[in-house]
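J.: fold the following.
(chains A and B)
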Amino acid sequence: MIKEKRHYLLVECTKSINANAGRDFGSALQDELLRCIGEIDYHVVNPKYERSEGSNRFIISGTVEGMSKLIVALAMIKKVNGIGMAMFTLKRSGTVTGLMSGAPGS
Amino acid sequence: MHFYDIVLNSCDVSKDLTAKLGFTSVCRAGSDIGIIDANAQHVIKESIGKAIAFGSDEGKLSALVRKGVAAVHIDGYKIDRKLMEEIAANDCILCIDTKSITNSYGTRRTKALYRASRLFKLAKKRKIRVSFATMAASVDEMLSKIQIIEIAKLIGADEQYARYSISEINGYLVGNDD
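T.: The predicted model follows:
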């Protein structure tokens, strides 16, 4: 089986994502991504909410081919779980370790 | 490479957030750089310094371009070929903001995307410099450097031009043209 290449994004929200209910935020975020990206391209992007990092940051992964669409979709989403928020994509990396090292924005 | 963003005067961005988003500095249109409302009634007779003209009236925008305004932002991305020729002849910069795309929904967003991509295509054909900026009115409307580059690519720019736009062209507008 050929393993698809995935990249990871570190995303910061302007509001708290409630780390205790991380799964609810993750599935609500994937619903919003489905609405933004569309059913036709969703399988190309194949986004997966990995985990939260603190109260207002999280890591999300997607295929290399669909990364541009994922970054644009995250810029366009302004409400998740009924809470209005903006999302800033701080960093992109091929590994989670690479994502967490160095300063965000580099 | 240094990257710059342009926001409206009402957007207060801290230095921490500026660095996090990947920018060297965020310039406020209205305080760091002049802003002119082209739809205003009065006629400006004196010469204009480095400023961005906002408006939808093609005639008034053309007059401001001839007076030497640094950049023009066309509301609603309406295409007027004569205005585009004036912008090209006077080496003016065309501003395309990402706020109109990220802050709308449904068919309004798709229309904004379509018009922005057509405007960019025409600007590229006329060799007009295009500035991509958020023009955010609040922190919630801001984007990171990575996001602006991807939205510019969605509109029709390639990666190299998108980076050039938010570093060199925006750098020129904010006064860091070294």
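
J.: going forward, measure contacts and count neighbours with C-alpha atoms only.
T.: Noted.

J.: now do the strands in chain B.
T.: Using DSSP state E, the strands of chain B run over B:4-8, B:25-29, B:34-37, B:51-55, B:71-74, B:93-97, B:129-133.

J.: what is the mean pLDDT for stretch B:27-44?
T.: Across stretch B:27-44, the average pLDDT comes to 77.

J.: for B:Leu8, give me its contacts.
T.: Contacts for B:Leu8 (Cα atoms under 8 Å, 6 or more residues apart in numbering or on different chains) come out as B:28-30, B:135-137.

J.: take the strands of chain B and lay them out in a markdown table including distance to B:Ile148.
T.: As requested, these are exported to a markdown table (distance: least, Cα to Cα, whole Å):
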| stretch | distance to B:Ile148 |
| --- | --- |
| strand B:4-8 | 9 |
| strand B:25-29 | 13 |
| strand B:34-37 | 22 |
| strand B:51-55 | 19 |
| strand B:71-74 | 17 |
| strand B:93-97 | 9 |
| strand B:129-133 | 7 |
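
J.: now the weakest link among the ones you listed, please, by mean pLDDT.
T.: strand B:34-37 (a mean of 85).

J.: for that strand, buried residues please.
T.: Buried residues in strand B:34-37, defined by neighbour count with 16 or more other Cα atoms under 10 Å in any protein chain shown: B:34-36.

J.: ok, now stretch B:101-116?
T.: Buried-residue list, stretch B:101-116, by 16+ other Cα under 10 Å: B:101-103, B:105, B:109, B:111-113, B:115-116.

J.: between these, which is closest to A:Ile59?
T.: Set against A:Ile59, the nearest of those by Cα to Cα is B:Thr102 (21.2 Å).

J.: for residue 14, what are phi and psi?
T.: All of this is about chain A. Dihedral angles of A:Thr14 (phi, psi; degrees, to the nearest 10) stand at phi -80, psi -10.

J.: now do A:Asn46
T.: phi 50, psi 60.

J.: got it, and A:Lys78?
T.: According to degrees, to the nearest 10, A:Lys78 has phi -120, psi 0.

J.: residues contacting it?
T.: A:84-87, B:103.

J.: now swap in B:Thr24 and tell me
T.: Per Cα under 8 Å, 6+ apart, neighbours of B:Thr24: B:2-4, B:18.

J.: C-terminal to the longest helix seen in chain A, what's the next element?
T.: Secondary structure of chain A per DSSP state H: the longest helix is helix A:22-37. Next helix or strand after helix A:22-37 toward the C-terminus (DSSP states H and E): helix A:39-45.

J.: what residues does that next one touch?
T.: Counting by Cα under 8 Å, 6+ apart, A:34, A:62-67, A:69-70 sit against helix A:39-45.

J.: C-terminal to it, what's the next element?
T.: Following helix A:39-45 in sequence, per DSSP H and E, is strand A:48-52.

J.: quick one on the thing from earlier: adding distance to B:Ile79, write the buried residues of strand B:34-37 out as a markdown table.
T.: Formatted as a markdown table, the buried residues of strand B:34-37 follow (distance: Cα to Cα, whole Å):
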| residue | distance to B:Ile79 |
| --- | --- |
| B:Gly34 | 24 |
| B:Ile35 | 21 |
| B:Ile36 | 20 |
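
J.: list just the nearest of those residues to chain A.
T.: B:Ile35 (26.1 Å; Cα to the nearest Cα).

J.: contacts only, for that closest one.
T.: Contacts of B:Ile35 by Cα under 8 Å, 6+ apart are B:29, B:51-54.

J.: highest neighbour count among the contacts of B:Thr24?
T.: B:Tyr4 (25 neighbours; other Cα atoms under 10 Å in any protein chain shown).

J.: ok, now which ones touch A:Ile71?
T.: Counting by Cα under 8 Å, 6+ apart, A:Ile71 has contacts A:89, B:146-147, B:150.

J.: swap the cut-off to 7 Å and go again
T.: A:89, B:147, B:150 (Cα atoms under 7 Å, 6 or more residues apart in numbering or on different chains).

J.: contacts for stretch B:93-101?
T.: B:70-73, B:109, B:112-113, B:128-136, B:141.

J.: and the residue nearest the centre of chain A?
T.: Closest residue to the average C-alpha location of chain A: A:Ile60 at 3.5 Å, with Cα atoms, centre = their mean.

J.: kindly state the beta-bridge partners for B:Ile35.
T.: With DSSP bridges as the criterion, B:Ile35 is bridged to B:Ile52.
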